[in-house]
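> dropping the sequence and predicted coords here.
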Amino acid sequence: MAIDYQTLAVKGVQGLMPYQPGKPIDELAREFGLDPSGIVKLASNENPLGPSPVALEAARKALSELCRYPDGNGFNLKAKLSEKLGVSATQITLGNGSNDVLEVIARGFADANTDIIYSQYAFAVYPLVTRAIGAHGIEVPARDWGHDLEAMAAAVTDKTGLIFVANPNNPTGTVQSAEAVEKFLASVPERVIVVLDEAYCEYLEGDEHQHSLGLLARYPNLIISRTFSKAWGLAALRVGYGIASAEITDILNRVRQPFNVDAIAQAAATAVLDDDDYLARSRQVNTAGLKQLEHAFDQMALSYIPSSGNFVAVDVGDQAPAIFNQLLAQGVIVRPIAGYGMPRHLRVSVGLSEENQRFIEALAHALEIIEEQKDHG
Ligand code: PMP
């Protein structure tokens, strides 16, 4: 009798839906017979500036050593991060993107006997890693699209091992104030690990994003995760990091793969941390682009969730799938987020001003077409 291999997969994995990434430009070009150079991709919260020249140069140099394994301890990158963040290198765990860090944390601190708490509409990787390791996920209803931190703290039980908090959150762009985060940490038992996922923190105004680092000394159960994929513009290289106490970091380093961050990624990430100008431009372009998009949504009378990230979720109504397809036909890729329980919203990443404009015009056109079809239907 033929074996049903589906049934052999561990229980949590049997019910898993793979992470849905943004549609790649080349795929859309093939499907619709479009010229890839005319396609605008605003679907994966990528940095529209292109990579920093400083990072590119460092990556090129590192290519000559492709035959060697990378530094498994990431000495240079950790030293640079330690200098920039004012934490010890013993507090840093490097990851293959911050997704890797999130998974390593889950594997280090949770198993089938653990409950993991996260918010409704929170980043999809939290339920994904929870199920993959056979832990039990507790989804706490959101408040105004954002995390209800009080309800999340109230959901803690003896079985809770881990809580994921995305700040800012993807796909909603909501953010919790420094005070709210601190109040939350103060209300969670110290035996529960709290992950503050700060993938988009560099986009916050002023030095707001440095606040959480100061909490590490007071809250030994805190892990902060960050990434080079967004404001630092290195998404293709897959590099992120966790910051925590030396004790927790030791656990995470036991779990991670020995060479989880490749040599090119390490070199580029180390170099880009000195490119202050690139970071400043990333922030400028993002602030201006968010304004541009929000202004256009106001003009079109579309409601959106005010965002602190490099993307915004806009309510385009109950025809969102049709509008998404209309945009694709016009060579504009955004992200449907029905999988997050947000079937009326599309998430658009902030692009360069001309890319945002292309999207705005394509959206206006798509809305018109859908209206016309309704009238004729
Ligand atoms: N956390 C959040 C909230 C994100 O939106 C993302 C990227 N989609 C990540 C973590 C992971 O990013 P990366 O693995 O590229 O660091």
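That came through, no problem.

> drop to CA atoms for contacts and neighbour counts, all remaining ones
Will do.

> give me the neighbour count for residue 8.
Residues lying near residue 8 (other C-alpha atoms under 10 Å) number 10.

> please report how far it lies from the ligand.
As judged by C-alpha to the nearest ligand atom, to the nearest Å, residue 8 and the ligand stand 28 Å apart.

> try residue 156
22 Å.

> that residue in helix, strand or coil?
coil (DSSP: H, G, I helix; E, B strand; the rest coil).

> residue 347 too?
strand.

> also residue 261?
Here residue 261 is coil, with the state taken from three-state DSSP.

> equivalent analysis for residue 93, please.
Strictly by three-state DSSP, residue 93 counts as strand.

> how about the helices in the protein?
11-14, 25-32, 53-62, 75-85, 97-109, 125-132, 149-154, 178-187, 246-255, 263-272, 276-299, 320-329, 353-376 (DSSP state H).

> out of these, which comes closest to the ligand?
helix 97-109 (3.5 Å; C-alpha to the nearest ligand atom).

> any idea of the mean pLDDT in that closest one?
Averaged across helix 97-109, pLDDT comes to 98.

> so which of the helices of the chain gets nearest residue 193?
With C-alpha to C-alpha as the criterion, residue 193 lies closest to helix 97-109 of these, at 7.8 Å.

> can I get the helices of the chain in CSV with distance to residue 115 and mean neighbour count?
Formatted as CSV, the entries for the helices of the chain read as follows, by distance: least, C-alpha to C-alpha, whole Å; neighbours: other C-alpha atoms under 10 Å:
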stretch, distance to residue 115, mean neighbour count
helix 11-14, 13, 16
helix 25-32, 38, 14
helix 53-62, 40, 17
helix 75-85, 31, 16
helix 97-109, 11, 23
helix 125-132, 9, 22
helix 149-154, 12, 17
helix 178-187, 18, 15
helix 246-255, 19, 17
helix 263-272, 34, 24
helix 276-299, 36, 17
helix 320-329, 34, 20
helix 353-376, 41, 16
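
> could these go into a markdown table alongside distance to residue 306?
Converted to a markdown table, the helices of the chain look like this (distance: least, C-alpha to C-alpha, whole Å):
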| stretch | distance to residue 306 |
| --- | --- |
| helix 11-14 | 34 |
| helix 25-32 | 27 |
| helix 53-62 | 31 |
| helix 75-85 | 28 |
| helix 97-109 | 24 |
| helix 125-132 | 22 |
| helix 149-154 | 19 |
| helix 178-187 | 18 |
| helix 246-255 | 34 |
| helix 263-272 | 29 |
| helix 276-299 | 8 |
| helix 320-329 | 19 |
| helix 353-376 | 16 |
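
> which stretch in the ones you listed has the least confidence?
Looking at these, the bottom one is helix 11-14 with a mean of 86.

> okay, it in PDB with CA atoms only?
Extracted in PDB, the C-alpha atoms of helix 11-14 (Å, rounded to 0.1, in the frame of the first residue of the first chain):
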ATOM      1  CA  LYS A  11       1.700  17.100  13.700                       C
ATOM      2  CA  GLY A  12       2.400  20.900  13.800                       C
ATOM      3  CA  VAL A  13       3.900  20.700  10.300                       C
ATOM      4  CA  GLN A  14       0.900  18.900   8.800                       C
END
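
> show me how far that helix is from its chain's centre.
Put simply, helix 11-14 sits 24 Å off its chain's centre (C-alpha atoms, centre = their mean, to the nearest Å).

> so where is the stretch 101-250 of the chain shaky, pLDDT-wise?
208-209 (pLDDT under 70).

> switch the cut-off to 90
Residues of the stretch 101-250 of the chain meeting the criterion pLDDT under 90: 205-211.

> for it, what spans make up the strands?
Taking DSSP state E, counting those that start in this stretch as the test, the strands found in the stretch 101-250 of the chain are 115-119, 136-140, 160-166, 193-197, 222-227, 240-243.

> can I get the CA coordinates of the third one in CSV?
C-alpha atoms of strand 160-166 as CSV (Å, rounded to 0.1, in the frame of the first residue of the first chain):
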residue,chain,number,x,y,z
THR,A,160,3.5,30.4,28.6
GLY,A,161,7.2,30.2,27.6
LEU,A,162,7.5,32.9,25.0
ILE,A,163,5.8,36.1,23.8
PHE,A,164,6.4,37.7,20.4
VAL,A,165,5.8,41.4,20.1
ALA,A,166,6.4,43.1,16.7
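
> and it, what does it pack onto?
The contact analysis (3 or more C-alpha pairs under 8 Å, 6 or more residues apart in numbering; DSSP states H and E) places strand 160-166 against helix 97-109, strand 115-119, strand 193-197.

> hang on, the earlier thing: tabulate the strands of the stretch 101-250 of the chain in TSV, adding columns for distance to residue 24 and mean neighbour count.
Output for those, formatted as TSV (distance: least, C-alpha to C-alpha, whole Å; neighbours: other C-alpha under 10 Å):
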stretch	distance to residue 24	mean neighbour count
strand 115-119	28	26
strand 136-140	30	19
strand 160-166	25	24
strand 193-197	25	24
strand 222-227	21	26
strand 240-243	22	26
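
> quick one: closest of those to residue 274.
Nearest of the strands of the stretch 101-250 of the chain (C-alpha to C-alpha): strand 222-227, 15.4 Å.

> what's the spacing between the closest one and its chain's center?
Distance, centroid of strand 222-227 to centroid of chain: 12 Å (C-alpha atoms, centre = their mean).

> just to revisit the earlier point, want to try CSV for the helices and strands packed on strand 160-166, with distance to residue 333 as columns?
As requested, these are exported to CSV (distance: least, C-alpha to C-alpha, whole Å):
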stretch, distance to residue 333
helix 97-109, 23
strand 115-119, 27
strand 193-197, 26
